[in-house]
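Engineer: Sharing a model that was predicted from the sequence below.
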Number of protein chains: 2
Amino acid sequence: MRDADAPLHPKQRSRLIDVANHAGVTKSVVSRVLNNDRTLSIREETRTRILDAVRDLGYQPHTGARALAGASTRALALLIPDLTNPVYSRITRGAVQQARVRGFAMLLAEDSADFGVDRQFADLVASHRVDGLLIASARPDHPLLGMLPDSRIPHVFVNRVVAGSGRNISLQIEAASQAALDHLLALGHRRIGHVSGPEQLAPTVSRRAGLLGAAVAAGIPEPSIESGEFNEQGGYAAATRLLADHPDLTAIYASTLNQAIGVLSAVHAAGLRIPEDISVISYDDLPLAGFLHPPLTAIAMPLMELGQAAVDALCAQLEGAPPEDVLVPGAPEVVVRGSTGPPRSGPPAGAAKVPS
Amino acid sequence: MRDADAPLHPKQRSRLIDVANHAGVTKSVVSRVLNNDRTLSIREETRTRILDAVRDLGYQPHTGARALAGASTRALALLIPDLTNPVYSRITRGAVQQARVRGFAMLLAEDSADFGVDRQFADLVASHRVDGLLIASARPDHPLLGMLPDSRIPHVFVNRVVAGSGRNISLQIEAASQAALDHLLALGHRRIGHVSGPEQLAPTVSRRAGLLGAAVAAGIPEPSIESGEFNEQGGYAAATRLLADHPDLTAIYASTLNQAIGVLSAVHAAGLRIPEDISVISYDDLPLAGFLHPPLTAIAMPLMELGQAAVDALCAQLEGAPPEDVLVPGAPEVVVRGSTGPPRSGPPAGAAKVPS
DNA sequence: GACGCCTAGAAAACCGGTTTTCCCCGGCGG
DNA sequence: CCGCCGGGGAAAACCGGTTTTCTAGGCGTC
């Protein structure tokens, strides 16, 4: 006999019909009020009565029923290549956070070792579990890329962009490389090495292109490049090769913070001092960088904002806007710590090459 | 006019009814076949006809409809305190992976800065979005803890356990501390400092208790303890205080890898050598540890397995089993690198105190 | 030959929303 | 006085599954 004065903490889930009864209207009206249906005309008094009922009963719509009735699932999915990579941790954080702000739940899938992730991701869509996809792990050969264009499923590419997709959310990577080089040039460096990432990955290419372009513009010798995985071991190995093959290098620019840690280790192992013998600078910054030995000079990138922007862009698509590329604003900032200094060969005399 | 020989890649989602028509049966039969309903009797020939139809049409059930009809959502949610903390990255990885193995999707929520996460989590349940909860961010004062006991929602506590909940999934933390101390004792250390975590957090307490208990058993002076946040800065600050207040310390045991990095930095800043003046050992190991300066001795913990075990335990609850505590097996393993060595005061003479 | 039972599958109710259509009623203009 | 219009809300169809109930036929039994 629970009627007008229903319990404030109902035992059972309350449904739309309960709210309707409680407010003395039909459930369709409640639904339309809650969804801000503009075609509904309703007295202010009735509306508040309904909203009160919603609050009193602690009504929470059943997601499944909602999705079934044709509305959206209000859920997104994020596909990332490596959860333990701090780059993706922060993208994920930004994305999850922004999704919540916009009232979406976020599903997570990791594109790691195990096969079948493409299948998994396609299933999320096919089973109507999510409204859209955030893809941060695109590789040129990724099976997912083959199946996406046909499907009408909204999606964006984050960080690892797909050329020509028209739905890339990215950072100013070239500008970051430019900033790194500017910092090294100002210190007087001219022979520079670059620890690059796995070939074919979009950020790898951008970072390298930005560096090479800036080097040409500055009129310095072409930087030497070695590639490695995006982890400490990859940085270690690449730096070891650089040091062995190019003893004249005075600075190394690493593609990620993890690689930079490997670079520091390799330089130590080679018996060289940082920054007296070799300067090290890294793309991407974290508090961690300040506690390394020596503290690492790095270029701070707005990765959380990247994740947020990706969600924003995806939501725009969900609202009907055509997909478009987004370049996350925010100029790269060089955080100077102890790992960079003037080259060993002498004071920054060569830097005079840069006018003014 | 799509009939018997329907297109292999149908434009539209195919529904249960499409499969049924295609196979010449009613949808209820299809549903019961797909769900392995034991009460259904069916000819083998019909069953295969149905399964073929499912495959031909690429049928994928509508998650929402399914959830609505009373079945489960086949989704779980994971609440973690900090995505960028590598500890939680790996727990998350294990959980996401195992969820996939069991056919569940994983929703992610981060309990960071923004308020209202408890609300968000409760909503996930109230809106029938997930079948169960993995809670890795329990604090004694967490609002979520107040609302969980009443609700009949299946859940487990991961890593940060809740005493007496009877649904804790945890590691052998005390044994890890014991192993760390054993390693230091074997090297001859007797005056040991401990960089602990935020008070009240379960893993903090366990690590400390394990260390203190082992110290008493070994008959060495009570270890000195300082607490700090679970990050580099926290480790740095705590270690700085330890070194200042207890100049006789010869070794420091840090609660997490991030803190240990701060400890290394603090020791360097104090002008001390590692391990000649001070040995450093850390709870939790990562490849990163091998590239620090010096390479860090650490105790490897099976965090991915922890995440997997948590999903397994939660699934058991979903299948009707009563909740129970789970201690993830796997003895802690000390990975010896360069940051630990004999104490400065001399050879491990004092260690003779340990018999045999 | 009638009855009951088992097999194989059909039918229908229901889950909790959304959305379109429809209706009632009061006011206003002619 | 009648018809029309628009505001306010009721009714009902529908989304795509799950689950319980029901039925038609075949067969063994007495």
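Structural biologist: Perfect, thanks for sending it.

Engineer: show me the contacts for residue A:264.
Structural biologist: A:274, A:280, A:292-294, A:296, A:339, B:291, B:293 (C-beta atoms under 8 Å, 6 or more residues apart in numbering or on different chains). Bear in mind the C-beta positions are built from the backbone N, C-alpha and C, glycine included.

Engineer: Find the centremost residue of chain A, please.
Structural biologist: residue A:91 (3.2 Å; C-alpha atoms, centre = their mean).

Engineer: what residues are up against it?
Structural biologist: So residue A:91 contacts A:80, A:136, A:158-159, A:303-304, A:306-307, A:310 (C-beta under 8 Å, 6+ apart).

Engineer: if we go to 10 Å?
Structural biologist: Residues near residue A:91 by C-beta atoms under 10 Å, 6 or more residues apart in numbering or on different chains: A:78, A:80, A:85, A:134, A:136, A:158-159, A:169, A:303-308, A:310, B:83.

Engineer: can you pick the most crowded of those?
Structural biologist: Greatest neighbour count in the contacts of residue A:91, by other C-beta atoms under 10 Å in any protein chain shown, goes to residue A:158: 34 neighbours.

Engineer: what about residue A:340, how many neighbours?
Structural biologist: Counted with other C-beta under 10 Å, residue A:340 comes out at 24.

Engineer: can you pull the pLDDT of whichever residue of the stretch 151-300 of chain A sits closest to DNA strand C?
Structural biologist: Taking C-beta to the nearest atom of the strand, DNA strand C has its nearest neighbour within the stretch 151-300 of chain A at residue A:154, 16.7 Å off. Per-residue pLDDT puts residue A:154 at 92.

Engineer: quick one: which of the contacts of residue A:91 sit in strands?
Structural biologist: Among the contacts of residue A:91, the members falling in strands (DSSP state E) are A:78, A:80, A:134, A:158, A:169.

Engineer: In the residues you listed, find the pair that's most separated.
Structural biologist: Farthest pair in these (C-beta to C-beta) is A:80 and A:169. Separation: 13.4 Å.

Engineer: Overlap in contacts, the two.
Structural biologist: By C-beta under 10 Å, 6+ apart, the residues touching both residue A:80 and residue A:169 are A:91, A:134-136, A:158-159, A:307.

Engineer: tilt between the host helix or strand of residue A:76 and strand B:75-80?
Structural biologist: Assessed by DSSP states H and E, residue A:76 sits inside strand A:75-80. Counting by axes from the mean of the first three to the mean of the last three C-alpha atoms, to 10 degrees, strand A:75-80 points 60 degrees away from the direction of strand B:75-80.

Engineer: chain center to strand A:75-80: distance?
Structural biologist: Its chain's C-alpha centre and that of strand A:75-80 lie 12 Å apart, by C-alpha atoms, centre = their mean, to the nearest Å.

Engineer: Within the sheet, what are the partner strands of that strand, with directions?
Structural biologist: With DSSP bridges as the test, strand A:75-80 is paired with strand A:105-110 (parallel), strand A:132-135 (parallel).

Engineer: Make CSV from these and add mean pLDDT and distance to residue A:194 to it.
Structural biologist: Putting the strands paired with strand A:75-80 into CSV (pLDDT from 0 to 100; distance: least, C-beta to C-beta, whole Å) gives the following:
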stretch, mean pLDDT, distance to residue A:194
strand A:105-110, 94, 28
strand A:132-135, 94, 27
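
Engineer: and these as JSON lines, adding distance to residue B:253?
Structural biologist: Output for the strands paired with strand A:75-80, formatted as JSON lines (distance: least, C-beta to C-beta, whole Å):
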{"stretch": "strand A:105-110", "distance to residue B:253": "32"}
{"stretch": "strand A:132-135", "distance to residue B:253": "40"}
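
Engineer: nearest to DNA strand C, of the ones you listed?
Structural biologist: Nearest of those (C-beta to the nearest atom of the strand): strand A:105-110, 15.4 Å.

Engineer: The stretch 101-250 of chain A: helices as residue ranges?
Structural biologist: Taking DSSP state H, counting those that start in this stretch, the helices of the stretch 101-250 of chain A run over residues A:117-126, A:143-147, A:173-187, A:202-218, A:232-245.

Engineer: quick one: the third one to chain centroid distance?
Structural biologist: By that I understand helix A:173-187. Taking mean C-alpha positions (C-alpha atoms, centre = their mean), helix A:173-187 and its chain are 22 Å apart.

Engineer: related to what we said a few turns ago, from the shared contacts of residue A:80 and residue A:169, which two are the most distant?
Structural biologist: So, the shared contacts of residue A:80 and residue A:169 by C-beta to C-beta: farthest apart are A:135 and A:307, at 12.5 Å.

Engineer: between the two, what contacts are shared?
Structural biologist: Common contact partners of residue A:135 and residue A:307 (C-beta under 10 Å, 6+ apart): A:78, A:80, A:158-159, A:169.

Engineer: do you know how far the closest residue in space to residue A:105 that isn't next to it in sequence is from residue A:176?
Structural biologist: Of all residues not flanking residue A:105 in the chain, residue A:75 sits nearest, at 4.4 Å (C-beta to C-beta, 6 or more residues apart in numbering or on different chains). As judged by C-beta to C-beta, to the nearest Å, residue A:75 and residue A:176 stand 33 Å apart.
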